[in-house]
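Student: sequence first, predicted coordinates after that:
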Amino acid sequence: MARIFVSYSRADRQFIDQFIPLIRRVYGNDSVWFDDDIHGGVVWWQMILNEVGKCDLFVYLVSNESLESPYCQAELREALRLNKAILPVIVRRLKPPYPGNIADDLAPMLRKTQYVDMAGGFRDPNTIAALYAAITRLLDAVPQQPVTPQTNTPTPEPPVPDKKKADPTLRAAYIAGGFALLAAVIAGVFGLWQGALANQNVTPDPPTTTSVAQIARTVSETSTTEMTLTATTALTETPTTTDMPEPSATPTDTPNPIPPETCEAVVINPFGVASTLPYVYPNPNPNSNRNGYTITVDEILTIITKEGARYQVERNGDTLGWVPEEYLIIPEYCQFD
């Protein structure tokens, strides 16, 4: 069974939450591995090395963060050491352009390796088709016999920054920024209170004895978490009035609803290499016979509706019939009742 290792940066979590189900749908849950599968008590870097060693294809999700990540770079070096097939997938626009700010020893490999550009997201069927075509092509080219590594020494684990030795100026900046935000919130609430009393011709009482200076001293002596608790306490001590006027609602025009998008799907063949497929049926009944129409891998078809595990499709306005879901890539924006 083919195995795919996916290397990514935590900054791209939103992308990978869609990417992993997309490729697992075609290649199987057990064929796609990423580090969410690491459980407690495991020596994680050794497991990373083991999974890179077992994979047939190394997919590198490329973003500014992953290019600069010591961990992603180390995973990529291990894949290169073992002569693995590598597929870069661009997930966000890069600055500077590809191959970005990756280490000098890795940049030449990325420059000469064809990538798939998915920076536009998952809504373009042509991009999804290009992704599947690239994965299938690389998996088909995997040699049957093990390949000799470039060296016998595994890639070492990247050093982990010591959080306890973080720059003290950063902590001071965080505290100062938090204090400024806290002071602004208190001033805003106090201003609203004074305004409400002024509207009622009421002379305000002297403010609460919890002064901004006192809060500043408290913040300087506490952690960020304690600072949040102090802010909450200060705000709860602020005088309130039950007669504060509520802002009047301003009517707005209701925009015209946006018409639903046409649902387009990409034809795939997850079970073989044939490009022409006869799996078109006259109705959604799973026991029905094929109707004689054919579809082609990477072809884009319009989805009319869904019933059970089959989709009714059309080509250039002509209804073809019903196609089983395993032969189609359906974008997430397609919704069926």
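Tutor: Right, received. Where do you want to start?

Student: low pLDDT regions in the stretch 151-300 of the chain?
Tutor: Counting by pLDDT under 70, the stretch 151-300 of the chain has low-confidence residues at 160-261, 272-273.

Student: repeat that with 80
Tutor: 160-262, 270-274 (pLDDT under 80).

Student: now the stretch 1-150 of the chain
Tutor: 1-2, 36-42.

Student: can you give me the strands in it?
Tutor: Assigned by DSSP state E, counting those that start in this stretch, the strands in the stretch 1-150 of the chain fall at 4-7, 32-33, 57-62, 85-90, 116-117.

Student: for those strands, give me a markdown table that also has mean neighbour count.
Tutor: Any C-beta I mention is one placed from the backbone N, CA and C, and that applies to glycine too. Shown next, in a markdown table, are the strands of the stretch 1-150 of the chain (neighbours: other C-beta atoms under 10 Å):
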| stretch | mean neighbour count |
| --- | --- |
| strand 4-7 | 24 |
| strand 32-33 | 22 |
| strand 57-62 | 25 |
| strand 85-90 | 21 |
| strand 116-117 | 18 |
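
Student: how many neighbours does the nearest residue to residue 304 once chain neighbours are set aside have?
Tutor: Leaving aside its chain neighbours, residue 304 sits nearest to residue 312 (4.3 Å; criterion: C-beta to C-beta, 6 or more residues apart in numbering). Residue 312 has 19 neighbours, counted by other C-beta atoms under 10 Å.

Student: i'd like the first residue to be 875 from this point on
Tutor: OK, 875 is where the count begins now, so the last one is residue 1186.

Student: packing partners of the helix or strand containing residue 1186?
Tutor: Element membership for residue 1186, per DSSP states H and E: strand 1184-1189. Helices and strands touching strand 1184-1189, by 3 or more C-beta pairs under 8 Å, 6 or more residues apart in numbering; DSSP states H and E, are strand 1174-1181, strand 1192-1198.

Student: quick check: residue 936 vs residue 1171, distance?
Tutor: According to C-beta to C-beta, to the nearest Å, residue 936 stands 26 Å off from residue 1171.

Student: ok, now residue 905?
Tutor: 19 Å.

Student: verify the stated contact: the residue nearest to residue 1178 with residue 1165.
Tutor: No: Residue 1186 is beyond contact range of residue 1165, at 11.9 Å (criterion: C-beta atoms under 8 Å).

Student: joint contacts of these two?
Tutor: Residues within reach of residue 1186 and of residue 1165 at once, by C-beta atoms under 8 Å, 6 or more residues apart in numbering, are residue 1195.

Student: okay if I get the strands of the stretch 875-1024 of the chain as a markdown table plus distance to residue 945?
Tutor: Output for the strands of the stretch 875-1024 of the chain, formatted as a markdown table (distance: least, C-beta to C-beta, whole Å):
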| stretch | distance to residue 945 |
| --- | --- |
| strand 878-881 | 8 |
| strand 906-907 | 15 |
| strand 931-936 | 12 |
| strand 959-964 | 16 |
| strand 990-991 | 22 |
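
Student: related to what we said a few turns ago, quick one: closest of the helices and strands packed on strand 1184-1189 to residue 1207.
Tutor: strand 1174-1181 (11.2 Å; C-beta to C-beta).

Student: pull out the buried residues from the closest one.
Tutor: Neighbour counts using 16 or more other C-beta atoms under 10 Å place 1175-1177, 1180 of strand 1174-1181 among the buried residues.

Student: between those, which sits nearest residue 1191?
Tutor: Checking the buried residues of strand 1174-1181 one by one against residue 1191 (C-beta to C-beta), the nearest turns out to be residue 1176, at 8.2 Å.

Student: just grab the bridge partners of the residue nearest to the closest one when sequence neighbours are not counted for me.
Tutor: Nearest non-adjacent residue to residue 1176, counting by C-beta to C-beta, 6+ apart: residue 1188, 4.9 Å away. Beta-bridge pairing of residue 1188 under DSSP bridges involves residue 1176, residue 1193.
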